[in-house]
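Participant: Here you go, sequence then predicted model.
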Amino acid sequence: MYSYCTDPETLTGLTWLSCYLTTGKHLAFYSAFGTVLLLLAITAPLSMAFGFVGATSARSQFAPLSWIGKAYIAVVRGVPDIAFFLFFVIALDQGFEWLRHQVKCPDWTDPIRQGSDFLVCAEAKLPLSTSPQWVHETYGFSLAVLTFAIVFGAFVANVLFGAMRAVPRAQVETAEAYGMSHRQSFWRIIVPQMWVYALPGLSNLWMVLIKATPLLFLLGVEDIVYWARELGGTKTPQFTDYPHGDWRMWYFLALLVFYLAFTRVSEIVLDRIMQRLTRGQATAGGEAQRKAAA
């Protein structure tokens with residue numbers, strides 16, 4: 001905040017606005033955009049990892065592993081996202097605390113479940129009550145990232161499972177005829193070629209993931225939706241505040257512009273990736289490129 005912002009009652013016009021937009025809460029609002037981008041940067045590769053494991057498990061020749069992979073895809077995809085997010089964060093938190101409770105408090109005799117309450121010893125709480133605020137925020141954000149990754153990993157698994165099956169079977173049979181094992185044909189034939197079939201579905205999932213980031217607000221993380229509602233609401237006059245009317249429309253309009261711009265940039269990048277992957281491939285995209293070059 002600037003030096004002339006010490007007395008808000010003396011400010012007018014652009015001077016007032018410059019002070020208003022540089023308050024501590026607004027700086028937290030600006031940093032929340034970084035929180036959203038960080039969530040996407042971590043969740044996207046983590047979801048891909050969950051999805052790849054889920055897809056390979058679903059197509060496994062070992063029946064129990066295949067059942068687990070298909071059950072993961074079916075269960076997560078069949079539950080509404082909001083219900084799963086609200087349930088899974090609580091379940092993860094209590095699961096971690098239960099494990100710590102078993103290790104740190106083996107002499108505990110009281111039941112952990114007491115009606116609707118979940119009670120563990122103080123040493124098992126996550127994070128500890130004595131931990132600094134940044135530890136609490138990091139822990140909450142980590143739970144959110146893991147939940148996002150598990151949920152979207154199931155959708156990624158479904159896309160990759162279909163993409164693996166879309167690779168022409170004749171190519172796999174040719175590889176096996178040349179002496180490749182099942183594992184070798186998977187890594188050398190199916191995996192390199194499946195991405196061209198998977199990218200359209202993965203692109204849609206990326207867009208859905210971007211639009212799902214406001215769910216951080218429901219998980220208790222102070223994201224851009226939280227601060228837009230907090231800063232845009234009517235402010236009552238106080239000596240140290242900058243009172244204003246209901247400005248939520250303008251704050252959420254800023255979020256609308258941000259998401260539209262971000263999705264547009266994503267579309268451009270994904271289109272270029274698709275052009276690169278389909279070059280020389282026997283697909284509709286590859287055929288279009290050959291006709292354009294002719």
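Facilitator: It's in.
Participant: in the stretch 1-150 of the chain, which spans are helices?
Facilitator: Using DSSP state H, counting those that start in this stretch, the helices found in the stretch 1-150 of the chain span residues 13-20, 24-58, 63-78, 81-104, 133-166.
Participant: chain center to the shortest one: distance?
Facilitator: What that stands for is helix 13-20. Here the centre of helix 13-20 is set off from its chain's centre by 35 Å, with CA atoms, centre = their mean, to the nearest Å.
Participant: Now it: average pLDDT?
Facilitator: For helix 13-20, the mean per-residue pLDDT is 76.
Participant: Report the buried residues of that helix.
Facilitator: 16, 19, 20 (16 or more other CB atoms under 10 Å). The way it works is simple: take the backbone N, C-alpha and C, and place the C-beta from them, glycine included.
Participant: Tabulate those in a markdown table, adding columns for distance to residue 222.
Facilitator: Below are these laid out as a markdown table (distance: CB to CB, whole Å):
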| residue | distance to residue 222 |
| --- | --- |
| 16 | 25 |
| 19 | 22 |
| 20 | 19 |
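Participant: which one of these sits closest to residue 85?
Facilitator: Comparing these against residue 85 with CB to CB places residue 20 closest, at 33.4 Å.
Participant: Pull the number of nearby residues for the nearest residue to the closest one once chain neighbours are set aside.
Facilitator: Distances taken as CB to CB, 6 or more residues apart in numbering put residue 242 closest to residue 20, at 4.4 Å, once the chain neighbours are dropped. Neighbourhood size, residue 242 [other CB atoms under 10 Å]: 20.
Participant: where does residue 242 sit relative to residue 37, distance-wise?
Facilitator: Distance of residue 242 to residue 37, computed by CB to CB, to the nearest Å: 27 Å.
Participant: for residue 221, same thing?
Facilitator: 13 Å.
Participant: what does residue 222 give?
Facilitator: Remark: distance between residue 222 and residue 37 (CB to CB) = 15 Å.
Participant: Neighbour count: the two, which is higher?
Facilitator: residue 222 (18 against 12).
Participant: Residue 105: what's it in contact with?
Facilitator: Contacts for residue 105 (CB atoms under 8 Å, 6 or more residues apart in numbering) come out as 120, 121, 123, 124.
Participant: make it 10 Å
Facilitator: 112, 120, 121, 122, 123, 124 (CB atoms under 10 Å, 6 or more residues apart in numbering).
Participant: My guess is the second one contacts residue 103. True?
Facilitator: No: between residue 120 and residue 103 there is no contact, the gap being 11.1 Å when judged by CB atoms under 10 Å.
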